[in-house]
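>>> only geometry, no sequence info:
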């Protein structure tokens, strides 16, 4: 006679809870990738580029091929991470001595303690229908935690600029001007003598604007994006696959954003903040090697 084993009810509950947790933890968001070819480019800006900053010294950089996410990481994708891991962001924890994030009022930054990744750039709780927007109020720590969990990384500063330029050498991938069909920025403040354009006054869903020549969206508008590097001045010599300084108090972020003028969307522009800094225009994308 074959004996049957009846699992006690409490074991069944334990089995369901443990294996259910494993199933949820194993869930990962789908990332659409763009293959970025290896090559050499001139990083930084020429001295005659309008609105150029002193830290944009030109130098040759050679990079190996890599993959970059076609779009900025969305609220929906970040939610999968949070649901799967229980991750608590710096905005929620109050890292750096304050909860929440900084919002741009149109005149100055104002801290809002209730705001985190579930909120939009205006401080409103996002409805599920807008989870296709880039996630913002992200610290560098938050962005890196997501990338690590996914088995990817944040782009190096060199990878980001190389991908943003997409083989171009002008101020923008689009040429000497960036118009408001090519990027989401404050169209009331165009670059030099370029034409004004509509200003939505908020972040738009990923993929709402033209892709650059390599098929990447929102590289020069919508939200700014964290890079992996610590901030420092560029070296004077050529580099191969640079990863930036080994230490530093600030991390680099790149790209334009919904609330800033066109001049701040230039491919060469560099910005930085402390690793726990959070703002209503700051998100990220990820990279992976082929």
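Looks like it arrived, so ask away. In this text, all values refer to a predicted model and were calculated from it rather than measured experimentally.
>>> where does this protein dip in pLDDT?
Scanning the chain with the threshold set as pLDDT under 70 gives 1-26, 290.
>>> C-terminal to the longest strand seen in it, what's the next element?
Using DSSP state E, we find that the single longest strand of the chain is strand 224-230. Per DSSP states H and E, the first helix or strand lying C-terminal to strand 224-230 is strand 239-240.
>>> who's in contact with that following strand?
59-63, 158 (C-beta atoms under 8 Å, 6 or more residues apart in numbering). No exception for glycine: its C-beta is placed from N, CA and C like everyone else's.
>>> returning to what we had before: which other helices and strands contact the longest strand of the chain?
Packed against strand 224-230 by the contact rule (3 or more C-beta pairs under 8 Å, 6 or more residues apart in numbering; DSSP states H and E) you find helix 140-150, helix 157-165, strand 251-254, strand 282-283.
>>> and of these, who's closest to residue 207?
strand 282-283 (14.2 Å; C-beta to C-beta).
>>> Pairing partners for the closest one, with directions?
Strands that pair with strand 282-283, judged by DSSP bridges, come out as strand 224-230 (parallel).
>>> right, and residue 257 touches residue 219 too?
No: using C-beta atoms under 8 Å, residue 257 makes no contact with residue 219, being 11.6 Å away.
>>> what angle do the longest strand of the chain and helix 157-165 make?
Orientation of strand 224-230 against helix 157-165 (axes from the mean of the first three to the mean of the last three C-alpha atoms, to 10 degrees) gives an angle of 150 degrees.
>>> Renumber starting at 528 from here on
New numbering, starting at 528: the last item is strand 751-757.
>>> all strands for the stretch 528-677 of the chain, in order.
560-563, 566-570, 586-590, 593-596, 628-631, 636-639 (DSSP state E, counting those that start in this stretch).
>>> elements contacting the third one?
Think strand 586-590. strand 566-570, helix 684-692, strand 766-767.
>>> now these as JSON lines including mean neighbour count?
Putting the helices and strands packed on strand 586-590 into JSON lines (neighbours: other C-beta atoms under 10 Å) gives the following:
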{"stretch": "strand 566-570", "mean neighbour count": "16"}
{"stretch": "helix 684-692", "mean neighbour count": "25"}
{"stretch": "strand 766-767", "mean neighbour count": "13"}
